[in-house]
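Enquirer: Fold the following for me, if possible:
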Amino acid sequence: MTLAADFAQNLKLQADIVRIVGDYVSLKKSGAQNYSGLCPFHKEKTPSFSVHATKQFYYCFGCGEKGDVFKFVQKIENVTFPEAVRTVAQKIGVALPKTTFSSEAEAKDARLRTALLDVHERACAFFQECLRRPEGARAREYLAERGLGDETINKFRIGFAPDSGFLLRDRLKGQFSEEVLRESGLFSWKEGRQPSAVSHQEAPPADDRRPTTDNKPATWSPKPDSALTMYSKFRNRIMFPIANEGGRVIAFTGRTLSADEKAGPKYLNSPETAIYSKSRVLFNLDLAKDAIRALKYVVLVEGQMDCISVFAAGFHNVVASSGTAFTGAQAGLLGRFSKQVVVNFDPDAAGAKATERTLGLLIEEEFDIQVLTLEAGFDPDLFVRRKGKDAYKDALKHSQKYFDYLIERARVQFPVRSAEGKQKAVNYLLPHVQRVPSRIVRDALAEEIAQKLNVDHAVLRQELKHAASTRKTATVKTSAEAQVTDAERILIRALAAANQFQSEDSVSDRSGEDDAFDPVRQARYVLSAERLHVGLGTESLMEALLNASDGAELMELPVSDSERALLATILMKDDEELTAEKIEGATRALVRVQIRRRLEQIQRQLESLRAADASQLRSLMDEKLRLKRALMNPGLSSGEISAASAD
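Expert: Predicted coordinates for the structure are as follows:
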């Protein structure tokens, strides 16, 4: 396609490159004539992409991309130069001259795309018209039940597809060729001469009649010269238009109003066409993009009704994935407008899995991610309608960091009281760590996992860091024993041998100065009295050993198979003497774990306290200081926790 001479050059002089690029990239003024932002052509966290307002060019100091306004549109839209010129002209409202094409195929493709946009625009107007007619009464009732007023219905251009299979076709057939109508995705058809070849196609509507103009009963018979019987794909459905970035309608989602099984799926989406690729479109981006830039973050929901309800409540920076699982292409598209995102999918099991998949894609694109999890049974649409916009605003403020969400999910799915549960939790989290591009961030996340899952052994931490550093999709294949600290191993050995020694009725001095001091008995006493094993991965195994009767068969204890294997492995390596020093050292290690855990609790309490709680704040700060001092004491004993926590 070529344009009239000098048109492109004149258009370039009229176009404001800052405004055009600003439709795709969030720009900030960084000099008298310079604007900067994150480069849309490569991943980066620090802006290296610059636009010069006067000289009308862009340059990325990170990847070296450069050019004028047409080159930018060509690259970011993946279009030819003539199409880029057309896009820029449309953006600034300049009429296009007559065009010529380099080949018949190019001309045909351009005509088809233009015609398809026109078809969808006219179909949208037709559906809006039908919604206002008497036959749209049930659709209007449904929309009112969903809390959608006229302003929202008009804003989103929601319509109604009548039950007839031919009204839309008859409206459009005089304006567009049969080929264009077939390519639009709005129609199905039956080839009368070759029925076997289309057995997979949707059956024509039962009401196979042609409306008449003489008040006689409607009848239908195919034209003898027509090889196709074409009928509407969308029938008796509420129609939600899907628009591209520029606001042009390119597809539809139809929500059925029929409870009949033969009505098809609840939600029916347009097929992919020359103008619509569902994996590359975000529902409502055309209306949301300005708000996203202004607020510097986006709310990502899963369904179109969720998106419409949240938008209608005043949160205009919301988009939806539009009838498909979130894709890498959509993540890239979203990243052009903001790298700050709040993911708010349904809280049910399917929604949680969709959230996990989406987080993985957003992590790879280096988004700053928060996750909003609503109460059970509430999707965003229902939450806004039942609880109101203020409640949703408050929920947004309390959305959590994405990895806190994932760790919480891991703890719920795989209780970490046992080594087996801990290993499953780590393996669940590891693929998410591996997706993080930054090695520093991956290492920090590995440390956070180890801390929050109470995994203190250096071997596991190194395994996790090593696996994270490779960024390969794998699982940690360490044995259960490798996830147990040296302190736990020593105390498990002591508990397993406890019934070989004297009764625990006699309590000795823990200093070791008493001749009667028995390190094994003392280990049992410490764990029974001070519960230092609570919260460890080996808690349930130690508890079973503590509750075992004298002379009990260790391999018959009421523990899981993995715990039994762990116990056997530890006892098989019972080649070191259990000295008083070893028991004391193991005890101090568990005391330190308890102190760190209590410090985390105090920190969470401090973060949630209000300024008015001055006395409680002071008390917590004092306890925090005492615990930190206790942690620095090399001769730490279990009594330090209760002493430091005392008022």
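Enquirer: did I read that right, residue 43 in a helix?
Expert: No: counting by DSSP: H, G, I helix; E, B strand; the rest coil, residue 43 is located in no helix; its state is coil.
Enquirer: ok, now how distant is it from residue 399?
Expert: 24 Å (Cβ to Cβ, to the nearest Å). (C-beta placed from N, C-alpha, C; glycine too.)
Enquirer: Also residue 547?
Expert: To residue 399, residue 547 is 43 Å away according to Cβ to Cβ.
Enquirer: With neighbour numbers in mind, choose between these two.
Expert: Taking other Cβ atoms under 10 Å, residue 547 and residue 399 do not tie; residue 399 has more neighbours (17 against 11).
Enquirer: Please name the residues that touch that one.
Expert: The contact partners of residue 399, by Cβ atoms under 8 Å, 6 or more residues apart in numbering, come to 342, 344, 370-373.
Enquirer: Throw those into CSV and include pLDDT and neighbour count, thanks.
Expert: Converted to CSV, the contacts of residue 399 look like this (pLDDT from 0 to 100; neighbours: other Cβ atoms under 10 Å):
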residue, pLDDT, neighbour count
342, 97, 21
344, 95, 28
370, 96, 21
371, 95, 23
372, 95, 23
373, 93, 21
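Enquirer: Can you tell me which of those residues is closest to residue 129?
Expert: Nearest to residue 129 among these: residue 344, at 33.9 Å, using Cβ to Cβ.
Enquirer: helix/strand/coil for the residue nearest to residue 166 when sequence neighbours are not counted?
Expert: Spatial nearest neighbour of residue 166, chain neighbours left out: residue 231 (6.0 Å); criterion: Cβ to Cβ, 6 or more residues apart in numbering. Following three-state DSSP, residue 231 is assigned to strand.
Enquirer: Counting neighbours, what do you get for residue 231?
Expert: For residue 231, the neighbour count with other Cβ under 10 Å is 22.
Enquirer: Next: residue 549.
Expert: Counted with other Cβ under 10 Å, the burial measure for residue 549 works out to 6 neighbours.
Enquirer: cool, residue 241 as well?
Expert: Quick note: residue 241 (other Cβ under 10 Å) scores 24 neighbours.
Enquirer: what do you get for residue 180?
Expert: Neighbours around residue 180, by other Cβ under 10 Å: 17.
Enquirer: now the stretch 501-647 of the chain, which segments are flagged as low pLDDT?
Expert: Within the stretch 501-647 of the chain, the segments meeting pLDDT under 70 span 501-517, 519, 551, 572-575, 609-612, 630-647.
Enquirer: Which stretches in the stretch 451-600 of the chain count as helices?
Expert: Assigned by DSSP state H, counting those that start in this stretch, the stretch 451-600 of the chain shows helices spanning 458-470, 486-497, 519-530, 539-547, 561-572, 580-608.
Enquirer: Can I get the ones you listed in JSON lines including distance to residue 627?
Expert: JSON lines is the format used below for the helices of the stretch 451-600 of the chain (distance: least, Cβ to Cβ, whole Å):
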{"stretch": "helix 458-470", "distance to residue 627": "23"}
{"stretch": "helix 486-497", "distance to residue 627": "19"}
{"stretch": "helix 519-530", "distance to residue 627": "16"}
{"stretch": "helix 539-547", "distance to residue 627": "22"}
{"stretch": "helix 561-572", "distance to residue 627": "31"}
{"stretch": "helix 580-608", "distance to residue 627": "5"}
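Enquirer: hey, which of those is tucked in deepest?
Expert: Compared across the helices of the stretch 451-600 of the chain, helix 486-497 shows the largest average neighbour count, a mean of 22 (mean count of other Cβ atoms under 10 Å).
Enquirer: Quick one: distance of that helix to the chain centre.
Expert: In terms of Cα atoms, centre = their mean, to the nearest Å, the centre of helix 486-497 is set 43 Å apart from its chain centre.
Enquirer: just stretch 30-47 next, same as before
Expert: Chain-centre distance of stretch 30-47: 26 Å, with Cα atoms, centre = their mean.
Enquirer: Check what contacts that stretch and list those residues.
Expert: Stretch 30-47 has contacts (Cβ under 8 Å, 6+ apart) with 18, 21-22, 24-29, 48-55, 60, 62-63, 65, 75-76, 335-336, 339, 365-366, 437.
Enquirer: Same question for stretch 530-545.
Expert: Taking contacts as Cβ under 8 Å, 6+ apart, the residues outside stretch 530-545 that touch it are 416-419, 421-422, 453-455, 483-484, 488, 491-492, 495-496, 498, 526-527, 554, 557-560, 563, 566-567, 587, 590-591, 593-594, 597, 638.
Enquirer: Low-confidence stretches in the stretch 1-150 of the chain?
Expert: For the stretch 1-150 of the chain (pLDDT under 70), the answer is 1-5, 98-103, 106.
Enquirer: ok, now with 90
Expert: Confidence mapping of the stretch 1-150 of the chain against pLDDT under 90 gives the ranges 1-16, 22-26, 28-34, 40-48, 50-57, 59-67, 74-87, 89-114.
Enquirer: where do the strands sit along it?
Expert: Along the stretch 1-150 of the chain, counting by DSSP state E, counting those that start in this stretch, strands occupy 28-29, 34-37, 49-52, 57-60, 66-67.
Enquirer: one step back: now the residue nearest to residue 166: how far from residue 296?
Expert: Residue 231 is 47 Å from residue 296, where distance means Cβ to Cβ.
Enquirer: And for residue 535, the neighbour number?
Expert: Burial of residue 535 is recorded as 14 neighbouring residues (other Cβ under 10 Å).
Enquirer: out of the helices of the stretch 451-600 of the chain, which comes closest to residue 180?
Expert: The nearest among these, by Cβ to Cβ, is helix 458-470 at 51.6 Å.
Enquirer: any idea of the mean pLDDT in that closest one?
Expert: For helix 458-470, mean pLDDT rounds to 60.
Enquirer: Also stretch 272-280?
Expert: What stretch 272-280 shows for mean pLDDT is 89.
Enquirer: List of residues touching that stretch?
Expert: The contact list for stretch 272-280 (Cβ under 8 Å, 6+ apart) reads 109, 112-113, 116-117, 120, 183-185, 242, 244, 250-251, 269-270, 322-324, 327, 329-330, 333.
Enquirer: Distance across that stretch, terminal residue to terminal residue?
Expert: Length of stretch 272-280, first residue to last, Cα to Cα, to the nearest Å: 11 Å.
Enquirer: Go through the strands of the stretch 1-150 of the chain and name the closest to residue 10.
Expert: strand 57-60 (17.5 Å).
Enquirer: So which other helices or strands are in contact with that closest one?
Expert: With contacts taken as 3 or more Cβ pairs under 8 Å, 6 or more residues apart in numbering; DSSP states H and E, strand 57-60 sits against helix 17-22, strand 49-52, strand 66-67.
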